[in-house]
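Chemist: using only what follows, build the 3D model:
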Amino acid sequence: MRTRFLVLCLVLFMLAVAGCQPQVQAPESIEVGAVIPLTGAFAGGGAQVERGYQMAVEDINADGGIFVEEFNATIPIELHVMDDESDPNNTVSHLEALNSDQEVVAYLGGFGSSLHAAAAAIAEKNEVPYLGVAFALQQVHEQGYEFLFSPFPKSPDLSDSFFEMVNSYVPEGERPTRVAIFQEATDWGIEMATLWTESAEEFGYEIVVHEEYTPGASDFTDIILRAQEADAQTVLALPTPPDGIAIYRQMGELGYAPALSFFVRAPDVPTWFDLGTVGDYVILAPGWHNAMLFPGVEELNADHVELMERPSDPMVGPSYAAVQILADAIERAGSLDSQAIRDAIAASDVETVVGEVTFRDNGTGVVVAPYLQYQGGQIELIWPREFATAELVFPAPPYDER
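Modeler: Sure, this is the predicted structure:
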């Protein structure tokens with residue numbers, strides 16, 4: 001009896017001590033950092049990315065935030081946005097500042113592969129999970145980074161699938177098989193040109209012109225004339241928005257209207273509309289379209305109409321989805337520990353406004369890779385065909401018939 005009494009007293013004492021332990025206080029907010037190009041060459045795309053992040057954070061915080069089991073509390077997100085001015089050096093310094101000054105638990109990236117490539121190394125060094133959209137560069141995912149995640153189509157997704165899309169629309173014998181590649185002199189330019197060359201051969205296309213240019217060049221006359229003289233029916237390129245607009249404007253001045261053109265990145269921004277009819281019929285692959293009615297898209301479009309008087313821009317959806325993925329990972333992790341959040345992101349299987357998202361071991365997302373086309377001053381979804389709002393317009397009409 002005496003032994004049982006002593007054991008009972010010990011148990012009661014331990015429970016009392018445990019009850020006196022102070023509960024871990026929940027922080028006022030979950031600190032998340034975003035470095036985005038709001039000025040400079042990538043500003044047009046960066047504005048869409050920021051809008052997507054902000055809209056997602058507002059929606060999550062409207063419900064109180066994210067439930068974190070460690071604190072038994074629902075905590076709002078505090079998003080710290082910094083402008084890197086489209087300069088990778090600024091991207092690096094801002095990410096470092098967010099880590100040291102704000103002690104962020106996760107990073108959200110900007111717009112453009114060069115900026116994301118610079119950011120990935122810093123995220124890895126600081127062991128802070130990084131979610132980035134609006135970049136297709138595959139190379140950065142082949143460096144063994146464990147904290148880099150990108151729920152966005154990559155270069156391999158934009159190679160074979162482009163020719164598959166064209167061949168699904170255009171009968172054999174009518175296809176624009178003579179191809180010109182305008183290659184940007186960057187790592188991504190080399191990567192994409194290599195993949196396009198391999199895919200072209202596989203799908204029965206011929207590269208008749210392969211020209212390289214330096215980003216920021218002002219005169220593209222020579223490469224355009226070479227493509228025109230070689231009777232290139234298809235033009236493939238991945239310029240920055242300012243370079244792409246300059247190339248297309250000069251194509252119009254020279255009267256070169258290829259039957260088909262696919263420009264990655266440049267047509268993603270609203271300033272492409274400034275080209276008028278010259279910029280029509282280009283194909284783009286921004287990673288999303290507001291007609292892809294996955295759960296939450298209708299509500300997102302309605303909010304975007306109220307904010308911008310138009311349905312969601314192409315980069316708003318992927319950016320919104322990145323925050324959805326992060327919020328889901330934090331809740332599943334039950335913690336604000338960066339390693340725990342990283343592991344939860346890696347194990348993601350979550351429904352977002354871009355569809356269901358999972359990640360490969362290298363951090364690339366398994367996502368839909370849609371193709372869009374400017375048609376009569378509107379952006380139409382042409383692929384995948386089950387979501388399409390319009391058929392591919394082919395061949396593109398001459399400028400004087402638009």
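Chemist: first-to-last residue distance for stretch 65-75?
Modeler: Terminal residues of stretch 65-75 are spaced 5 Å apart (Cα to Cα, to the nearest Å).
Chemist: contacting residues around it?
Modeler: Contact with stretch 65-75 is made by 24-30, 60, 63-64, 76-77, 327, 330-331, 334-336, as judged by Cβ atoms under 8 Å, 6 or more residues apart in numbering. For the C-beta atoms, the positions are set from N, CA and C on the backbone; glycine is no exception.
Chemist: which of these are buried?
Modeler: Buried members of the contacts of stretch 65-75, scored by 16 or more other Cβ atoms under 10 Å, are 26, 27, 30, 60, 76, 77, 327, 330, 335, 336.
Chemist: okay if I get the residues you listed as a markdown table plus pLDDT, secondary structure and distance to residue 377?
Modeler: Below are those laid out as a markdown table (pLDDT from 0 to 100; DSSP: H, G, I helix; E, B strand; the rest coil; distance: Cβ to Cβ, whole Å):
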| residue | pLDDT | secondary structure | distance to residue 377 |
| --- | --- | --- | --- |
| 26 | 93 | coil | 50 |
| 27 | 96 | coil | 48 |
| 30 | 98 | strand | 41 |
| 60 | 98 | helix | 35 |
| 76 | 98 | coil | 40 |
| 77 | 98 | strand | 37 |
| 327 | 98 | helix | 36 |
| 330 | 98 | helix | 41 |
| 335 | 97 | coil | 49 |
| 336 | 98 | coil | 46 |
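Chemist: what's the closest of the residues you listed to residue 376?
Modeler: For the buried ones among the contacts of stretch 65-75, the closest approach to residue 376 (Cβ to Cβ) belongs to residue 60, at 37.1 Å.
Chemist: can you pull the contacts of the residue lying closest to the closest one once chain neighbours are set aside?
Modeler: Leaving aside its chain neighbours, residue 60 sits nearest to residue 327 (5.5 Å; criterion: Cβ to Cβ, 6 or more residues apart in numbering). Residues counted as contacts of residue 327 (Cβ under 8 Å, 6+ apart) are 56, 60, 66, 77.
Chemist: now, which of these sits nearest residue 170?
Modeler: Proximity of these to residue 170 (Cβ to Cβ) peaks at residue 56, which lies at 38.1 Å.
Chemist: which regions of the stretch 201-350 of the chain lie under the pLDDT threshold?
Modeler: Scanning the stretch 201-350 of the chain for pLDDT under 70 picks out no residues.
Chemist: if we can go back for a sec, for residue 147, see how far away the residue nearest to residue 60 is.
Modeler: The gap separating residue 327 from residue 147 is 18 Å, by Cβ to Cβ, to the nearest Å.
Chemist: can you check residue 336 too?
Modeler: Per Cβ to Cβ, residue 336 is found 15 Å from residue 147.
Chemist: do residue 162 as well
Modeler: As judged by Cβ to Cβ, residue 162 and residue 147 stand 30 Å apart.
Chemist: quick one, helices of the stretch 301-402 of the chain?
Modeler: Using DSSP state H, counting those that start in this stretch, the helices of the stretch 301-402 of the chain run over 316-333, 338-346.
Chemist: out of those, which is closest to residue 154?
Modeler: For the helices of the stretch 301-402 of the chain, the distance to residue 154 is smallest for helix 316-333, at 12.7 Å, taking Cβ to Cβ.
Chemist: relative to helix 338-346, how tilted is the closest one?
Modeler: 120 degrees (axes from the mean of the first three to the mean of the last three Cα atoms, to 10 degrees).
Chemist: picking that back up, which one of the buried ones among the contacts of stretch 65-75 is nearest to residue 300?
Modeler: Nearest to residue 300 out of the buried ones among the contacts of stretch 65-75 is residue 60 (Cβ to Cβ; 12.9 Å).
Chemist: so that closest one is in contact with residue 79, correct?
Modeler: No: applying Cβ atoms under 8 Å as the test, residue 60 and residue 79 come out as separate, 10.1 Å apart.
Chemist: please, where are all the strands along the stretch 251-400 of the chain?
Modeler: Ranges of strands within the stretch 251-400 of the chain are 260-263, 283-284, 350-352, 355-359, 365-366, 371-375, 378-383, based on DSSP state E, counting those that start in this stretch.
Chemist: how about these, which one is nearest residue 269?
Modeler: strand 283-284 (9.9 Å).
Chemist: output the contacting helices and strands for that closest one.
Modeler: Applying 3 or more Cβ pairs under 8 Å, 6 or more residues apart in numbering; DSSP states H and E, one finds that strand 283-284 contacts strand 260-263, strand 371-375.
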